[in-house]
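A.B. asks: Give the three-dimensional model of this entry:
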Amino acid sequence: MTIRVLIADDQIMVRQGFTVLLNAEPGIEVVGQAVDGLDAIAKVTELTPDVVLMDIRMPGLGGIEATGRITGPAGDPAVKVLVLTTFDLDEYVYEALRAGASGFLLKDASAAELAQAVRVVAAGDALLAPNITKRLIAEFSRVTRTHRAPLMERVGALTERETEVLALIAQGLSNAEIATRLVVAEQTVKTHVGRILLKLGLRDRTQAAVYAYETGVVRPAGY
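C.D. replies: Numbering: from 1, shown residues only. The predicted structure is shown next:
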């Protein structure tokens, strides 16, 4: 099944370059390009892509707001957003992850890294494996505590095992790795993950990881 991709970036060379790279990959097709956040929202409705490559900084409506609208309650839950940035510890990327993005990618990524990221996100997985993503979440969640009390109340709705699974998600473990760690069936882990997302009102594993750091279920190393 072909993965349909929309590229949203205000720089034409970035859009064209990524289009060429992705169209050369088997099973991936770039179905459209958008020049800003509003254009991206309109193109998502028109073209129904599987994955949106979303630049963070664009004139008019930026990538964070556009991500929130695309992945929010009024959006299409099947559409995944992969945000693009020029440097890794970017506070705007953290906000985009909170808004519903499934991961992020540096603009200088290789063709192989770009294609792999698109496939991972399209499959419904969070792009959490790279240490840099976990470091970014940990760093910015450490200094973003304004809503911690109400968040902690929601954590209280989880069972002890669900809280344990949430912590392992935040560490970047896959369902199979969590199953091995807890000595349970992978299907059991999938059930736990589904219940965690439902109880906490979260979209996916990426938001769950951000949530775990913000509430202190997992603490950044060294703090």
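A.B. asks: all contacts plus neighbour counts: C-alpha atoms, from now on.
C.D. replies: Fine.
A.B. asks: give me every residue that touches the residue nearest to Gln11 when sequence neighbours are not counted.
C.D. replies: Among residues not flanking Gln11 along the chain, Val35 sits closest, at 7.5 Å (C-alpha to C-alpha, 6 or more residues apart in numbering). Shown in contact with Val35 (C-alpha atoms under 8 Å, 6 or more residues apart in numbering): 8-12, 58.
A.B. asks: What pLDDT is listed against Val35?
C.D. replies: pLDDT for Val35: 94.
A.B. asks: Near Leu198, how many other residues are there?
C.D. replies: Per other C-alpha atoms under 10 Å, the neighbour tally for Leu198 reads 12.
A.B. asks: let me fix that: Gly63
C.D. replies: The number of residues packed near Gly63 is 31, by other C-alpha under 10 Å.
A.B. asks: For it, which residues are in contact?
C.D. replies: Gly63 is in contact with 36-37, 54-57, 83, 96, counting by C-alpha under 8 Å, 6+ apart.
A.B. asks: Nearest spatial neighbour of it, chain-adjacent residues omitted?
C.D. replies: Going by C-alpha to C-alpha, 6+ apart, Gly63 has Ile56 as its nearest residue, at 4.2 Å.
A.B. asks: related to what we said a few turns ago, can you tell me which of the contacts of Val35 end up in helices?
C.D. replies: Ile12 (DSSP state H).
A.B. asks: With neighbour count as extra columns, can I get the contacts of Val35 in JSON lines?
C.D. replies: Below are the contacts of Val35 laid out as JSON lines (neighbours: other C-alpha atoms under 10 Å):
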{"residue": "Ala8", "neighbour count": "30"}
{"residue": "Asp9", "neighbour count": "27"}
{"residue": "Asp10", "neighbour count": "20"}
{"residue": "Gln11", "neighbour count": "13"}
{"residue": "Ile12", "neighbour count": "13"}
{"residue": "Met58", "neighbour count": "17"}
